[in-house]
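Undergrad: Using only what follows, build the 3D model:
(chains A, B, C and D)
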Protein chains: 4
Amino acid sequence: MLSIGLFGAGRIGQIHGRNLAASPRARLAAIADPFPDAAAALSAATGAAVREADEILADRSIDAVLIGTPTDTHADFIDRAAAAGKAVFCEKPVDLSSERIRQTLARVDKAGIPLMIGFNRRFDPNFAALRRRLADGAAGDVELVTILSRDPAPPPLSYIAHSGGLFRDMMIHDFDMARFLLGEDAVEIYAVGSALVDPAIGEAGDVDTAAVVVRTASGKICQISNSRRATYGYDQRIEVHGSKGLLSAGNVHETTVLFAGAKGVVADPVQNFFLERYASAYRHEIEAFIDAVEGGTKPSPDGADGLQAQLMADAATVSRETGQPVRIG
Amino acid sequence: MLSIGLFGAGRIGQIHGRNLAASPRARLAAIADPFPDAAAALSAATGAAVREADEILADRSIDAVLIGTPTDTHADFIDRAAAAGKAVFCEKPVDLSSERIRQTLARVDKAGIPLMIGFNRRFDPNFAALRRRLADGAAGDVELVTILSRDPAPPPLSYIAHSGGLFRDMMIHDFDMARFLLGEDAVEIYAVGSALVDPAIGEAGDVDTAAVVVRTASGKICQISNSRRATYGYDQRIEVHGSKGLLSAGNVHETTVLFAGAKGVVADPVQNFFLERYASAYRHEIEAFIDAVEGGTKPSPDGADGLQAQLMADAATVSRETGQPVRIG
Amino acid sequence: MLSIGLFGAGRIGQIHGRNLAASPRARLAAIADPFPDAAAALSAATGAAVREADEILADRSIDAVLIGTPTDTHADFIDRAAAAGKAVFCEKPVDLSSERIRQTLARVDKAGIPLMIGFNRRFDPNFAALRRRLADGAAGDVELVTILSRDPAPPPLSYIAHSGGLFRDMMIHDFDMARFLLGEDAVEIYAVGSALVDPAIGEAGDVDTAAVVVRTASGKICQISNSRRATYGYDQRIEVHGSKGLLSAGNVHETTVLFAGAKGVVADPVQNFFLERYASAYRHEIEAFIDAVEGGTKPSPDGADGLQAQLMADAATVSRETGQPVRIG
Amino acid sequence: MLSIGLFGAGRIGQIHGRNLAASPRARLAAIADPFPDAAAALSAATGAAVREADEILADRSIDAVLIGTPTDTHADFIDRAAAAGKAVFCEKPVDLSSERIRQTLARVDKAGIPLMIGFNRRFDPNFAALRRRLADGAAGDVELVTILSRDPAPPPLSYIAHSGGLFRDMMIHDFDMARFLLGEDAVEIYAVGSALVDPAIGEAGDVDTAAVVVRTASGKICQISNSRRATYGYDQRIEVHGSKGLLSAGNVHETTVLFAGAKGVVADPVQNFFLERYASAYRHEIEAFIDAVEGGTKPSPDGADGLQAQLMADAATVSRETGQPVRIG
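TA: Numbers count the residues shown, from 1 in each chain, chains lettered A, B, ... in the order given. A predicted model of the protein is given here:
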């Protein structure tokens, strides 16, 4: 049974902490968070002790750490965990600076610790099943990938100001999904974006509506679109057009109930946001992390995956600002 | 090219008349209707002459007649057409009395004329495709058939009074569909019914909501339900549970448009009523009639099919009134 | 926190035991099962002690018992738990004899203990949502209910011999669902059945394919059909036709993945059987039991619900054997 | 009744010719085609005379001409019809050269004749219904448009060589659809493309797989993707993400039949190609042309629409070749 310390007891830390506590294969050994209330609440729910981060890193009985802290502390925590020889599961992104990511990955590499990055969507049962069928050749050679991703509502402006922008904060998930589905790295990216949902987002220098075209070396193409607001909930759809057919995975509705009346046939809304839609994905990714650490295999997605997604987000950001396609790598 | 005379220029006569006029394989030769306005309107739209029924029957250049008159005149028109040696397409039912149907079928048999009965649903592209796949063995042996059929709104009480009751007027289509899908005749029928939509229908001795169980000699089972009112339009669904799987055919929506908003994902209403839903079925059944007459093959569905459906409707009517299952044949 | 003893560590006991162990609101205090291996496995997974049933009933620190033993022991365990003053959750059915159920309900009544019956489908999120919307008036007055229920494969013949027959063993769930949706008791039932899936089932005096029509005092109608075998998995669908529209709840597919190829557009299979399809229903029903016991409210569904469903199953069994509709109550 | 001459009796001419012959509001007066067999076949089916193009243009009893000839003759025929003062319906595109289009539009303008361009998809009942609801404000302000368009199989290489390339030959329909849905002209276009379906298409200097991003002055975004090959038929989907919700219109399946078996639930294939999918669109666009000519209103889509779509196709072609976004207008 893997003994795991948790850094960060915020929204995502609460999810991971509870999943760890419920897993028969892991033990949530300790929780660290500068906000005592958050840590205490999670401690009460899971029975895990609240401790300082340093103590957790120094505790030899703890095998691994899960980093769910604010983005600007991720790389530092990974560095320290690497120095302490602990396996690491870190929420995306590793850092907003790709240079900083490279430095940290070098330290991880030198320390020889397993590092897994929390691209949770790879573990959504629908997307994971699609990917397995793709790998089994069901759709033949991948040619065109379409990813549509929309949030129910924009985050507060204060959040947006420190988010790194839509491409690094929101579309980064889709960049990782693009690589997951294309099976190949991007060589060029072109991005456009507008502030159509809220002009204040535009005034803050960001966009809330964006579209990207990704090209790979072999000529595969991926289209991604994002909006920060969808009146109908959390829109998360992918499709892969291949030489043998089309694989797609759609949204998850709240229930299967339909109402037929004079205005048409109404299906339930789609699940509203990520905590609901990706509840099982969060559980599955933790299981995959435990599998890798216990089995001595390389975690996936790993730090290199985190870096590639960040490079795509950087390129998209530059492309949107300059109006020119940007080459990668 | 088949030369056809039309008896009846009401709602259904207008459809058949226009389809005949548009078919490159038939000529709408003449129209007879005691209401001059109806006949004139159809004449104006198709170019066909308005004539007396007797003249049409006596005209040797006319090969066939299509009977779309009120139900209580069907058998008499068939008799006269048989005497005149003309091929006959007659709207369902042949008559509300099965005894009268037998007499007419004997005359048809003796005259050796082709007689086709207008069970239009067999020619709906969806139901016809399902039936072909059933015949091809896709679902294996038929075990359980479910037929759901609901009208958007009840007919006027004045119509109901002379309709023969829900089982003979509305469910007769489903009885024919049951035979079409079961591939076997009913041996026993049990029916229940209520007047839930409009108490006045109950006071008139009829029901507006009904359910029937049909059993065949080999033990196949069919469930049928009807309602005279569906707020969501014309509900026409069938499914066949067989040893190898389930074949079903659903409703046809007005368009493929979906709207996703805060209240869910809304599909367009289903097509509202039979003129819209079965527009192509009406065309296909006329083509099938022409095929049979020109090819010298037996039309299908024929008079015997009309009789069997009527016997089922009679049995259901008695069952509903007595509260007991009723055997057939 | 409610302290609960579990009788029976078979397939259903394993589910309930694990759900109790995982619930933050209950404590799985002890497990009793004559088969030591089953009890030991569940004990290992949950940490609960293995004890004799008598000890559990005598232990005053245990508030409630959950009965997941074979059907023919249910009534006896309820009687003993009532005598011991414990709250009871009992799997359906209370007993195969309605007379025996009445005796036990009288004892439960006298003892004043809460008794909940495990009609799990009421707690399926889809069906529960449909029922809430029905209660909110979304579909208006209920007129016609359709319930389609099919198992992926028949149980072993040895099981069928002691099952009480399809109506008491399988369709009993649908009878409870019918009452849940109709909001009224049945006054008359007509049933037909055949052995089409496996002739050996017919030789054993049972059926594997069946259809039932239920009528209520106010004239509402419900149709139910069952098959013991569906090549496409566990088919569980309901629909309610009301004066304002149609509410339906369909099957749950394994994922949302679609494959479009030359043969059509293929959706994933539906979830195969009840452990998968009703996993969350089992969790929710246990929570409802805890709510009722802790809140001092009457559990629902209760013993009277269990009796009514059994009376419907008895009536259907007699109807199928005699070929006549059977009145209830 | 409008008297119409038809130029071109090839695949598209046959469709328009038969629709004109079947319309009660038009008369197919004459057919011109250098291939006598094609003209004769259509003449036999419709009863219209075969004549020389010059004769048709000189015949004062003919009100309008429909141009369904090869692309490189369109502009010339329009010029001649303008000179003859006839109303014109011309298949897309007006010409592969935007300069030539401008010259012809100037002549049309000077002659004051009505000119309608055959962007048939605007008249598809599904897309037209979506557009009406958009115009009614159902989705609020348009922000993101997604158009997916795929042919079942690539045309012969010989056709591709003279097609003007994928953007002018195939995606031009989607460019028009983009304008139809955006309600605004494109200001910049970025295109990528690959030859993934058939390398010979790449060797011929064209692509068979392509994606485009379109931006408008107000910041609306449209994504389009094309493939020359879809194993699952003719894929034609649009969706519009707006401030109030998402409107989408999907593919049309051959029937509503579903088969549920061990491998999943299989819907019928989508309609295979444009003759089937857009059969009713072709009828509706001819009716719209007749409406405009008879009502003296401006046809829509008109020559300016044809020019704008062509400018978008030109820009996409340049963008794909240079790798840079291209501004329009």
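Undergrad: all contacts plus neighbour counts: C-alpha atoms, from now on.
TA: OK.
Undergrad: Quick check: nearest residue in space to the residue in chain A sticking out farthest from the centre, chain neighbours excluded?
TA: No residue in chain A sits farther from the centre than residue A:262, which is 41.3 Å out by Cα atoms, centre = their mean. Counting by Cα to Cα, 6 or more residues apart in numbering or on different chains, residue B:232 is the residue found nearest to residue A:262 once chain neighbours are left out, at 4.6 Å.
Undergrad: which residues does that neighbour contact?
TA: A:260-265, B:152, B:269-270, B:272, C:245-246 (Cα atoms under 8 Å, 6 or more residues apart in numbering or on different chains).
Undergrad: secondary structure element for it?
TA: Using DSSP states H and E, residue B:232 maps to neither a helix nor a strand.
Undergrad: correct me, but residue A:28 touches residue A:20?
TA: Yes: at 5.7 Å, residue A:28 and residue A:20 qualify as touching, with contact defined as Cα atoms under 8 Å.
Undergrad: okay, now whichever residue of the stretch 51-200 of chain A sits closest to chain B: neighbour count?
TA: Of all residues in the stretch 51-200 of chain A, residue A:152 sits closest to chain B, at 9.8 Å by Cα to the nearest Cα. Here the number of neighbours of residue A:152 (other Cα atoms under 10 Å in any protein chain shown) works out to 19.
Undergrad: Quick check: pLDDT value at residue A:67.
TA: With respect to pLDDT, residue A:67 scores 98.
Undergrad: What's the separation between the spatially most central residue of chain A and residue B:2?
TA: The C-alpha lying nearest the average C-alpha coordinate of chain A belongs to residue A:119 (Cα atoms, centre = their mean; 3.2 Å). For residue A:119, the distance to residue B:2 (Cα to Cα, to the nearest Å) stands at 69 Å.
Undergrad: Point out the residues in chain A that sit beside chain D.
TA: A:143-144, A:192-197, A:209-213, A:215, A:219-221, A:223, A:229-232, A:241, A:243-246, A:323-325 (Cα under 8 Å from any Cα of the partner chain).
Undergrad: So which of the residues you listed are in strands?
TA: If you go by DSSP state E, those have A:143-144, A:192-194, A:209-213, A:215, A:221, A:223, A:241, A:245-246 in strands.
Undergrad: what two of those residues are the furthest from one another?
TA: Comparing every pair within those by Cα to Cα identifies A:194 and A:245 as the most remote, at 33.3 Å.
Undergrad: hmm, who's touching stretch A:136-144?
TA: For stretch A:136-144, the external contacting residues (Cα under 8 Å, 6+ apart) are A:133-134, A:182, A:219-223, A:240-247, D:196, D:209.
Undergrad: Contacts only, for the closest residue to residue A:102 other than its chain neighbours.
TA: Leaving aside its chain neighbours, residue A:102 sits nearest to residue A:307 (7.4 Å; criterion: Cα to Cα, 6+ apart). By Cα under 8 Å, 6+ apart, residue A:307 lies in contact with A:94, A:98, A:101-102.
Undergrad: out of those, which is most surrounded?
TA: Counting by other Cα under 10 Å, top hit in these: residue A:94 with 28 neighbours.
Undergrad: Can I take it that that residue is in a helix?
TA: No: counting by DSSP: H, G, I helix; E, B strand; the rest coil, residue A:94 falls outside a helix, being coil.
Undergrad: And the helices in chain A?
TA: A:11-22, A:36-46, A:53-58, A:71-83, A:98-111, A:125-135, A:157-161, A:166-169, A:172-182, A:199-203, A:274-277, A:279-295, A:303-322 (DSSP state H).
Undergrad: how about low-confidence regions in chain A?
TA: In the predicted model of chain A, no residue satisfies pLDDT under 70.
Undergrad: Which residues of it lie near chain C?
TA: Residues of chain A lying near chain C (Cα under 8 Å from any Cα): A:22, A:125-127, A:129-130, A:244-252, A:255-262.
Undergrad: Can you select the buried ones from the residues you listed in PyMOL?
TA: What follows is the PyMOL syntax selecting those of these that are buried according to 16 or more other Cα atoms under 10 Å in any protein chain shown:
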select buried, chain A and resi 125+126+127+129+130+244+245+246+247+248+249+250+251+252+255+256+257+258+259+260+261+262
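Undergrad: Can you point out the buried residues in stretch A:119-138?
TA: So for stretch A:119-138, counting by 16+ other Cα under 10 Å, buried means A:119-131, A:133-134, A:138.
Undergrad: Endpoints of stretch A:316-329, how far apart?
TA: Stretch A:316-329: ends 13 Å apart by Cα to Cα.
Undergrad: Next, report how far that stretch is displaced from the centre of its chain.
TA: 22 Å (Cα atoms, centre = their mean, to the nearest Å).
Undergrad: Now it: buried residues?
TA: In stretch A:316-329, counting by 16+ other Cα under 10 Å, buried: A:316-320, A:323-328.
Undergrad: Distance to residue D:202 for the residues you listed - can I get that in JSON lines?
TA: JSON lines is the format used below for the buried residues of stretch A:316-329 (distance: Cα to Cα, whole Å):
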{"residue": "A:316", "distance to residue D:202": "28"}
{"residue": "A:317", "distance to residue D:202": "31"}
{"residue": "A:318", "distance to residue D:202": "30"}
{"residue": "A:319", "distance to residue D:202": "27"}
{"residue": "A:320", "distance to residue D:202": "29"}
{"residue": "A:323", "distance to residue D:202": "27"}
{"residue": "A:324", "distance to residue D:202": "25"}
{"residue": "A:325", "distance to residue D:202": "22"}
{"residue": "A:326", "distance to residue D:202": "24"}
{"residue": "A:327", "distance to residue D:202": "22"}
{"residue": "A:328", "distance to residue D:202": "24"}
